[in-house]
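Visitor: Provide a 3D model corresponding to the input given below.
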Amino acid sequence: MIRVQNLTKRYGKRLAVDGVSFTVEPGRVTGFLGPNGAGKSTTMRMIVGLARPTTGSATLNGREYRHLPGPLRDVGALLDARSAHRGRTAYKHLLSLAATHGIGKARVHEVIGLAGLESVAHRRVGGFSLGMGQRLGIAAALLGDPRIVILDEPVNGLDPEGIIWIRSLLRGLAEDGRTVLLSSHLMSEMTQTADHLIVIGRGRILADGPLHDVVSQATGDAVRVRTPDVQALIQAVDRRATTITLTPDGALEISGLSPAQVAEAAGSAGVVLHELTPLRGSLEAAYLSLTAEAVEYRANTAEANGTNA
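Guide: Numbering: from 1, shown residues only. Presented below is the predicted three-dimensional model:
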């Protein structure tokens, strides 16, 4: 488990992280989202002891990172895939890390196979592509078979096969009861991988909850309904629905009620339904809504399109 309590980080007059608190539970993949400059990377660096908090604390299974007796065996982290010595081979890099914790060669070979690095294990890291560097960083994070895994943008540079591999790997780690914290700017990957979301903006937590709940609260779910008796259905749900919209194709989109509630209201009023479809908001829409006031760098779309704002 990762527990962050009132974590704050100042760089001179700039407040990078502003009293954030959250818990990353074992047995699920927790996604960590935020715009550039939101404090996401700074928070992750404080969790693994690479930056000292101004105030507050971050503990991993009850201990601060600096007090862990064998960090690689407790926590595996990928925060910068370029940290490996460029003159070493992938095998030598992993072997040197393993030696610091008494980890045997057999485990080095195991993670090389797990990360799909067998064919490049004896090549120098300086010649690696971005994707191969990412795989090496993930192999290093898994070297000590840790119960906590923290990965910052692990799919950067990976090809489609690699993305499917990391998706399956993370799900497997969570199913094994491990604590997984993942950051990514790819909403499609977060949607398919994360169970829980933490969204940060301007150094503060904007949302913290199950993925579906975060999306629903930020975008609002709706129900698409088709019926031959539109007015009767509108009357049946009018007092309880938040909004009712008649679409160009003659269907109704009703927000504020679940599909079951719409069906029950229609049944009580004797209204026949020809379609009842839940409409879910997207993670991308929820993210944009949550971070609308927390974006540090914003493109001017009017200028980009050659028009005047």
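
Visitor: domain map for this structure?
Guide: As assigned by automatic domain parsing, the chain contains the domains 2-216, 222-279.

Visitor: what about the helices in the stretch 1-150 of the chain?
Guide: 40-47, 71-74, 90-99, 105-114, 130-142 (DSSP state H, counting those that start in this stretch).

Visitor: still on that earlier bit, so of the domains of the chain, which one's packed in deepest?
Guide: Of the domains of the chain, the one with the most neighbours on average (mean count of other Cβ atoms under 10 Å) is domain 2-216, at a mean of 18. Any C-beta I mention is one placed from the backbone N, CA and C, and that applies to glycine too.

Visitor: mind checking the end-to-end distance for it?
Guide: Terminal residues of domain 2-216 are spaced 26 Å apart (Cα to Cα, to the nearest Å).

Visitor: now the helices of the stretch 1-150 of the chain in JSON lines, with mean pLDDT and distance to Asp221?
Guide: Shown next, in JSON lines, are the helices of the stretch 1-150 of the chain (pLDDT from 0 to 100; distance: least, Cβ to Cβ, whole Å):
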{"stretch": "helix 40-47", "mean pLDDT": "95", "distance to Asp221": "27"}
{"stretch": "helix 71-74", "mean pLDDT": "95", "distance to Asp221": "39"}
{"stretch": "helix 90-99", "mean pLDDT": "96", "distance to Asp221": "46"}
{"stretch": "helix 105-114", "mean pLDDT": "97", "distance to Asp221": "39"}
{"stretch": "helix 130-142", "mean pLDDT": "95", "distance to Asp221": "35"}
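
Visitor: need those helices in CSV (columns: distance to Asp152).
Guide: Converted to CSV, the helices of the stretch 1-150 of the chain look like this (distance: least, Cβ to Cβ, whole Å):
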stretch, distance to Asp152
helix 40-47, 6
helix 71-74, 17
helix 90-99, 18
helix 105-114, 19
helix 130-142, 9
